[in-house]
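1. Starting from these lines, generate the structure:
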Amino acid sequence: MEKSLVYAWHKHFNVGHKSVDNDLCSGHPSMPTTEASVQHVTEIMRCDRKKSVDQTASEVGISVGSCHSILHDVLNMSRICQHSVPQMLTPQRKGIQMSISDDLIHTADEDNKIIAT
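-> Next up, the predicted model:
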């Protein structure tokens, strides 16, 4: 046990507290994850997997953090939105890219000022 924790408890009891339990905090109460909200998020993800966490949370009516924990912890989803993947070049497109690159290399060899600017 750390010294700082012992000192904190000592201070806590000196003030007059009789228990080590945390006092109730003011602020927005935490909302438990209900089976209905999990089911609603599951249905939304089945219909459209490209929806973001913000869109899904607003549609269900829960916080973004709760929606993220449902998606990550309960549904085991690590990514929600589709990520862009580089396209594979076709042989024809590859030939065009090669000829453009060759033209740029020859132009740069002939005129060194192009590289300086």
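2. and the helix or strand hosting A108, average pLDDT?
-> Using DSSP states H and E, A108 sits in helix 91-110. Across helix 91-110, pLDDT averages out at 87.
3. now for it, which elements pack on it?
-> Packing contacts for helix 91-110, counted by 3 or more Cβ pairs under 8 Å, 6 or more residues apart in numbering; DSSP states H and E, involve helix 113-116. For every residue, glycine as well, the C-beta is placed using N, CA and C.
4. State the mean pLDDT of the helix it packs on.
-> The model assigns helix 113-116 a mean pLDDT of 68.
5. now swap in stretch 77-85 and tell me
-> 52.
6. same check, this time on stretch 41-50
-> 84.
7. Which positions within it qualify as buried?
-> 41, 44-45 (16 or more other Cβ atoms under 10 Å).
8. which among those residues gets closest to G16?
-> Ranked by distance to G16 (Cβ to Cβ), the buried residues of stretch 41-50 are led by V41 at 44.7 Å.
9. how far away is the closest one from N76?
-> Here V41 is placed at a distance of 13 Å from N76 (Cβ to Cβ, to the nearest Å).
10. go on, H68?
-> 13 Å.
11. what's the answer for M45, then?
-> In this view, M45 and N76 are 11 Å apart by Cβ to Cβ.
12. Now the buried residues of stretch 41-50 in a markdown table, please, with extra columns for secondary structure and distance to S4.
-> Formatted as a markdown table, the buried residues of stretch 41-50 follow (DSSP: H, G, I helix; E, B strand; the rest coil; distance: Cβ to Cβ, whole Å):
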| residue | secondary structure | distance to S4 |
| --- | --- | --- |
| V41 | helix | 40 |
| I44 | helix | 45 |
| M45 | helix | 43 |
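13. how about CSV for those, with distance to K3 added?
-> Below are those laid out as CSV (distance: Cβ to Cβ, whole Å):
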residue, distance to K3
V41, 44
I44, 49
M45, 48
